[in-house]
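J.: All I have is the shape, not the residue letters:
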């Protein structure tokens, strides 16, 4: 038994902060890293065909340039936990904001294809850091009674970032008379699309100065009084601060600064709980969700939709994405993480299977037959809706809270890195797979959505309503 189990009862599980609005602001500011991820994921959607044309590259090379940012994401995610343990969560956010700002400027002004790829890696590293720090920080400052809803801010920020970038892309494309390479402000339209990312990057950096450091980090470096002040802010005046600090300190004594070595053990290299985190990350990506955001405009154009309409359909998909995320935020603390994941998996199977069926038909005059075209469009929205109301939110929430304290930072880093690698595999392979057989590609995504159901039923435990100190 760890010292956590013997800690005094703090009342944290039922604590209600006096200024819930302030807690919401803190979580929303931290989740701006998710906004950057969503914005970057989707903004490239508006530049894909222009990059192909400007640099005269094929599908395979183009896919590597689009996907290479995800390699940077994986590295950033794998290292962020240790960086945050050394210099703090807030400093980590500020480093990410600076790197992303530099990346946005470099991506907008590339002098060669490899130069564009390099700046995308830099931006990816920043996003990878933010993807780990955001959920971990929110989990550490949120009262347990609200942690699921506040943790879901990360995914909410991602989907809002996707929607905003698609709306901005659509506006810039219309300003350039529908030509991704049309001139705007002395640059080509696609360059302006990438350069606009400077705005959310700077906002993220500014917001990081307006929120407090994590109480757990402050206690770890001996700043107990400041930690008490923040605990009062975020968990309420009625919480027994002495007991709460003792509870956190007890958990920290048992965790001894998590490292990669702590994750090793069990029958297959990692401890079982680490594999479950990796599994959640991989299934989240292997259903092909980011195809809908990296390549949706290209996908719809490939089945006969004109460019302006393809950008509009991409935007409507992102609105459905936001709607599904709101549904998840309402229910994640009411019905739990596991039920939402299973409901979402069933819905995704239906949507993906219908897309696979529709894309199996031959194009007529460069377009899908009318019936199959409408079914493909509706099914794509169904798929995104069920992903957003389940796996989109649930995975981010669970990765922030499922690991024991002694493993959390390192395990979250490994699970997030696995997510970025899986994302890269799907993003890099889609253009070539689509050239080979678009319908079969969607059959593969359908199979992974179906396999996620027994995975959740057998391996994933519910974490609803538990304090972080109860996780191990």
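T.: Everything's here; your move. Here the structure is a predicted model, which is why all the values come from computation and not from measurement.
J.: all strands for the chain, in order.
T.: Counting by DSSP state E, the chain has strands at residues 183-184, 187-188, 264-268, 270.
J.: helices or strands up against the shortest one?
T.: Contacting strand 270 under the criterion 3 or more CB pairs under 8 Å, 6 or more residues apart in numbering; DSSP states H and E is no other helix or strand. In short, each C-beta sits where N, CA and C put it, glycine included.
J.: for it, what is the average pLDDT?
T.: For strand 270, mean pLDDT is 81.
J.: Show residues contacting that strand.
T.: Residues from elsewhere that reach strand 270, judged by CB atoms under 8 Å, 6 or more residues apart in numbering: 263-264, 278, 414.
J.: will you turn the strands of the chain into JSON lines that also has distance to residue 374?
T.: Below are those laid out as JSON lines (distance: least, CB to CB, whole Å):
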{"stretch": "strand 183-184", "distance to residue 374": "34"}
{"stretch": "strand 187-188", "distance to residue 374": "34"}
{"stretch": "strand 264-268", "distance to residue 374": "45"}
{"stretch": "strand 270", "distance to residue 374": "45"}
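J.: pLDDT-wise, which helix or strand of this structure ranks last?
T.: When each helix and strand of the chain is scored by mean pLDDT, DSSP states H and E, strand 264-268 comes last, with a mean of 66.
J.: ok, then the element right after that strand?
T.: Counting by DSSP states H and E, the element after strand 264-268 in chain order, helix or strand, is strand 270.
J.: my read: residue 43 touches residue 195, true?
T.: No. Under the criterion of CB atoms under 8 Å, residue 43 is not in contact with residue 195, lying 9.8 Å apart.
J.: In terms of neighbours, single out the busier of the two.
T.: More neighbours surround residue 43 than the other of residue 43 and residue 195, with 26 against 19 (other CB atoms under 10 Å).
J.: wait, what's in contact with that one?
T.: 165, 168-169, 193-194, 196-197.
J.: which sections of the stretch 1-150 of the chain are below the confidence cut-off?
T.: By pLDDT under 70, the weakly predicted segments of the stretch 1-150 of the chain are 1-19.
J.: do that again at 50, thanks
T.: For the stretch 1-150 of the chain, residues meeting the criterion pLDDT under 50 lie at 1-9, 11-15.
J.: how about the residue nearest to residue 329 when sequence neighbours are not counted, what does it touch?
T.: Ranked by CB to CB, 6 or more residues apart in numbering and with sequence neighbours excluded, the top spatial neighbour of residue 329 is residue 152, at 4.5 Å. Residues near residue 152 by CB under 8 Å, 6+ apart: 325, 328-329, 332, 393, 396-397.
J.: do residue 74 as well
T.: By CB under 8 Å, 6+ apart, the neighbours of residue 74 are 124, 128, 417, 420-421, 424.
J.: can you pick the most crowded of those residues?
T.: With neighbours taken as other CB under 10 Å, the top of the contacts of residue 74 is residue 128, carrying 30 neighbours.
J.: Can you give me the neighbour number for the closest residue to that residue other than its chain neighbours?
T.: Computed as CB to CB, 6+ apart, the closest residue to residue 128 that is not its neighbour in sequence is residue 76, at 2.5 Å. Burial measure for residue 76: 31 neighbouring residues, criterion other CB under 10 Å.
J.: my read: residue 76 touches residue 127, true?
T.: Yes. Applying CB under 8 Å as the test, residue 76 and residue 127 come out as touching, 6.7 Å apart.
J.: Which single one of the contacts of residue 152 is nearest to residue 22?
T.: Using CB to CB, residue 329 is the member of the contacts of residue 152 that sits closest to residue 22, with 18.6 Å.
J.: I figured that closest one hits residue 393, correct?
T.: Yes. If you go by CB under 8 Å, residue 329 and residue 393 touch, sitting 6.8 Å apart.
J.: who touches both of these two?
T.: 152, 156.
J.: Among those two, which residue is more densely surrounded?
T.: Between residue 329 and residue 393, counted using other CB under 10 Å, the more crowded position is residue 393 (33 against 20).
J.: so what's that one closest to, chain neighbours aside?
T.: residue 328 (3.8 Å).
J.: ok, now how distant is the one you found from residue 100?
T.: Distance from residue 328 to residue 100, counting by CB to CB, to the nearest Å: 26 Å.
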